[in-house]
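[1] Just the structure for this:
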Amino acid sequence: MRRRLLNSTLAVVLVTVALFSVPLALVEKRSIEGAAQDSVKTEAVHLLGVVENRYAAKEPIDPSALTGLNDKGSQRYATVQIPGRETIKLGSPPTGDNPVTATETGAHGETVVVQESREPVDSSVLRMLLLLAGVAALTVAAAMALAIWQAKRITRPLLELAETAERLGSGDPRPRQRRYGMAELDRVAEVLDQSAERIGRMLTAERRLAADASHQLRTPLTALSMRLEEIVETDDFGTVKEEAAIALGQVERLTDVVQRLLTNSRESRNTSAVAFDIDEVIKQQAEEWRPALRRYGRKLYLEGPPGLWAVGTPGAVAQVIAALIENSLMHGDGSVTLRTRVRDTKVVIEVQDEGAGVPDELGARVFERAVSGHNSTGIGLAVARDLAEADGGRLELLSQRPPVFALFLTGYHEE
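    Have a look, this model is predicted:
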């Protein structure tokens, strides 16, 4: 592109210089030749006037009487022809071919011829042509320098924009926020920055969705795996049926988790909010997590009044409770207490264990993504909080020591 700009600029400048210089050179050449011709003619008219005056006054007309009348001296050559007399010659004949000549004839037949060498005229024409050529060369040089600067000014942003587009294609969505002072290129840069921001948001959302999916699917899959292990290890047909029924329920909840991930939008979750029995959700989670806790010699206790109902999505609430129990299993110690109570118009579900609690440096930051005190992924509580808020509730850390997490839901106590 840079070469095309240079070639096009050079072509335009050369055409412009040619269209300007050639007519100007012709006009100047004619002007120089015309000035020389007029000068010679003026002297011829002057000599003729002197000759006619002397002829009329019957004064002598000879070389001595006319000497000094040709103001150009030896540069010009003049001849005076008078009928019946000898030709008078003034100066030396000009050198070269085709001298500048002027001829004037008087009333009594006098003829005056003045000639001048063409060399001064040719020299003036040559100097004029050299001057025009120098001006043209300077013009072309200045135009090429300007074209090179302009080409760099245009191609550099284009190369940077191409680099930005290549970076976007390679997965680097950082906007460069560069502007170049040219409306068209600035518009392209602005569009690329907007695209980079959109791509960045999309990649962030996809990574977050992948992390959330990994975490939300891991918990029910772990519980399902433990339930299947229980089935494999028992020979009691009744126990197998009971465990299989629980496993089928877990599969249904797992399907619900997948569906929620695929429709990952707050509006779609809110449209599925219903009034549901808190006791059923807590009972189901207790059945799923007791085997896992039992493997580590830990127990799960249920406390609180029966007959509590909440408004929301049972699957989402179950996922939040599962995340809290799993957090206690991984980071806590001792028995786990799942407690329910009523506070004003809210139903509160608390999960507490007997561990060391949440470190002081974490505090409320425990719900932030990638914040963890035990080298875990740091997204479990963040996902639980997002699920709670999306379902119209909220998740809080009520106490750091002992650790008490509370899920607040809109609900009531059924008498």
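[2] contacting residues around the residue of the chain most remote from its centre?
    Distance from the C-alpha centroid of the chain, by Cα atoms, centre = their mean, peaks at residue 58 (98.1 Å). Residue 58 is in contact with no residue at all, counting by Cβ atoms under 8 Å, 6 or more residues apart in numbering. Bear in mind the C-beta positions are built from the backbone N, C-alpha and C, glycine included.
[3] Confirm that it sits in a helix.
    No - counting by DSSP: H, G, I helix; E, B strand; the rest coil, residue 58 falls outside a helix, being coil.
[4] List phi and psi for it.
    phi 60, psi 30 (degrees, to the nearest 10).
[5] pLDDT score assigned to it?
    The score at residue 58 is 78. That number is its pLDDT.
[6] Same check on residue 347?
    So residue 347 comes in at 94 (pLDDT).
[7] does it belong to a helix or a strand, and which?
    strand 346-352 (DSSP states H and E).
[8] What's the mean pLDDT across the helix or strand following that strand?
    Once strand 346-352 ends, the next helix or strand along the chain (criterion: DSSP H and E) is helix 380-390. The pLDDT scores in helix 380-390 average 83.
[9] hmm, back to that, and the residue farthest from the centre of the chain, how far from residue 108?
    12 Å (Cβ to Cβ, to the nearest Å).
[10] Tell me where the protein has helices.
    With DSSP state H as the criterion, the chain has helices at 2-56, 63-66, 119-169, 183-233, 237-262, 266-270, 278-295, 314-331, 380-390.
[11] quick one: low-confidence ranges for the stretch 151-300 of the chain?
    For the stretch 151-300 of the chain, residues meeting the criterion pLDDT under 70 lie at 205-220, 253, 256-257, 259-272.
[12] hmm, try it at 50
    265-271 (pLDDT under 50).
[13] Provide the contact partners of stretch 95-110 at residue level.
    Against stretch 95-110 from outside (Cβ under 8 Å, 6+ apart): 33, 36-37, 40-41, 43-45, 47-48, 51-52, 55, 77, 80-83, 111-119, 121.
[14] Just the endpoints, please. Distance across it?
    Chord length of stretch 95-110, first to last residue, is 25 Å (Cα to Cα, to the nearest Å).
[15] Buried residues of it, list them for me.
    Neighbour counts using 16 or more other Cβ atoms under 10 Å place 99, 100, 101, 102, 104, 106, 110 of stretch 95-110 among the buried residues.
[16] Of all pairs in those, which one is the farthest apart?
    The largest separation in those, counting by Cβ to Cβ, is between 99 and 106 at 22.2 Å.
[17] how many other residues sit next to residue 145?
    10 (other Cβ atoms under 10 Å).
[18] Return the distance of it relative to residue 157.
    Relative to residue 157, and taking Cβ to Cβ, residue 145 is found at 20 Å.
[19] still on that earlier bit, run the angle between the strand holding residue 347 and helix 278-295 for me.
    Strand 346-352 runs at 0 degrees relative to helix 278-295, counting by axes from the mean of the first three to the mean of the last three Cα atoms, to 10 degrees.
[20] which parts of stretch 112-132 are buried?
    112, 113, 114, 115, 116, 117, 118, 121, 124, 125, 128, 132.
[21] From the residues you listed, pick the one nearest residue 15.
    The closest of these, once distances to residue 15 are taken by Cβ to Cβ, is residue 132, at 15.8 Å.
[22] Could you report the neighbour count for the nearest residue to that closest one once chain neighbours are set aside?
    With Cβ to Cβ, 6 or more residues apart in numbering as the criterion, residue 132 has its nearest non-adjacent residue at 5.1 Å, and that residue is residue 21. Neighbourhood size, residue 21 [other Cβ under 10 Å]: 16.
[23] From what I see, residue 6 and residue 148 are in contact.
    Yes - contact criterion Cβ atoms under 8 Å: residue 6 and residue 148 qualify, at 6.7 Å.
[24] quick revisit: quick check, the residue nearest to residue 132 in contact with residue 134.
    No - using Cβ under 8 Å, residue 21 makes no contact with residue 134, being 10.8 Å away.
[25] Output the helices of the chain as TSV; include the columns distance to residue 87.
    Converted to TSV, the helices of the chain look like this (distance: least, Cβ to Cβ, whole Å):
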stretch	distance to residue 87
helix 2-56	12
helix 63-66	10
helix 119-169	25
helix 183-233	80
helix 237-262	121
helix 266-270	120
helix 278-295	140
helix 314-331	130
helix 380-390	122
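[26] now for these, which one comes closest to residue 359?
    helix 314-331 (10.2 Å).
[27] Measure how the strand holding residue 347 sits relative to helix 314-331, angle-wise.
    Using the same axes, to 10 degrees: strand 346-352 against helix 314-331 is 30 degrees.
[28] OK, contacts around residue 222?
    residue 292.
[29] ok, now how distant is it from residue 288?
    Distance from residue 222 to residue 288, by Cβ to Cβ: 9 Å.
[30] Compute the number of surrounding residues for the nearest residue to residue 279 once chain neighbours are set aside.
    Spatial nearest neighbour of residue 279, excluding adjacent residues (Cβ to Cβ, 6+ apart): residue 306 at 5.7 Å. Neighbourhood size, residue 306 [other Cβ under 10 Å]: 11.
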